[in-house]
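Student: Fold the following for me, if possible:
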Amino acid sequence: MPNLENALQELREEQKQAQLRAEKLYQAISVIESLNGTGVSRKATRPTRIVSAASRRKMAQAQRARWARVKAHNVIPIASRRGKHTISAAGRKRIAAAQRARWAKVKAAKK
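Tutor: Have a look, this model is predicted:
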């Protein structure tokens, strides 16, 4: 049992050293990223856009006006124009015939 306890203690010590090395690596990476301009630190210092309540009201009113124009002219927005495409009966028959021919070829190859 003392051997297991010694091994466990050595493993814990190695884990602490690995954690210290990892923290040093993270620090080095963040320093290099901040110098390069790609780091998270630049994004964290950039202020967020603050919009006043009056501006939000104006934006909402403009959006409502846009939707009212769309609804008044019975125009379908581009995003909802894309519907399901249907295939003609003749097209389905051609596809089914081609598939039957492929399966017949596979079954003939097995014989």
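Student: what packs against the helix or strand harbouring residue 33?
Tutor: Secondary structure assignment for residue 33, by DSSP states H and E: helix 2-36. In terms of contacts (3 or more C-beta pairs under 8 Å, 6 or more residues apart in numbering; DSSP states H and E), helix 2-36 is packed against helix 40-45. Placement of C-beta: from N, CA and C, glycine included.
Student: Could you export the helix or strand following the helix it packs on as CSV, CA atoms only?
Tutor: On the C-terminal side of helix 40-45, the nearest following helix or strand under DSSP H and E is helix 53-72. Only the C-alpha atoms of helix 53-72 are listed here, as CSV (Å, rounded to 0.1, in the frame of the first residue of the first chain):
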residue,chain,number,x,y,z
ALA,A,53,-35.0,54.4,-26.1
ALA,A,54,-36.1,57.1,-28.6
SER,A,55,-33.9,55.5,-31.3
ARG,A,56,-35.2,52.1,-30.5
ARG,A,57,-38.8,53.4,-30.9
LYS,A,58,-37.9,55.0,-34.3
MET,A,59,-36.3,51.7,-35.5
ALA,A,60,-39.3,49.7,-34.4
GLN,A,61,-41.7,52.2,-36.1
ALA,A,62,-39.6,51.9,-39.3
GLN,A,63,-39.7,48.1,-39.2
ARG,A,64,-43.5,48.2,-38.7
ALA,A,65,-43.8,50.5,-41.7
ARG,A,66,-41.7,48.1,-43.8
TRP,A,67,-43.9,45.2,-42.9
ALA,A,68,-47.1,47.2,-43.5
ARG,A,69,-45.8,48.0,-47.0
VAL,A,70,-45.1,44.4,-47.7
LYS,A,71,-48.5,43.3,-46.5
ALA,A,72,-50.3,46.1,-48.3
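Student: distance between helix 53-72 and the chain's centre?
Tutor: 29 Å (C-alpha atoms, centre = their mean, to the nearest Å).
Student: Quick one: mean pLDDT over it.
Tutor: The pLDDT scores in helix 53-72 average 92.
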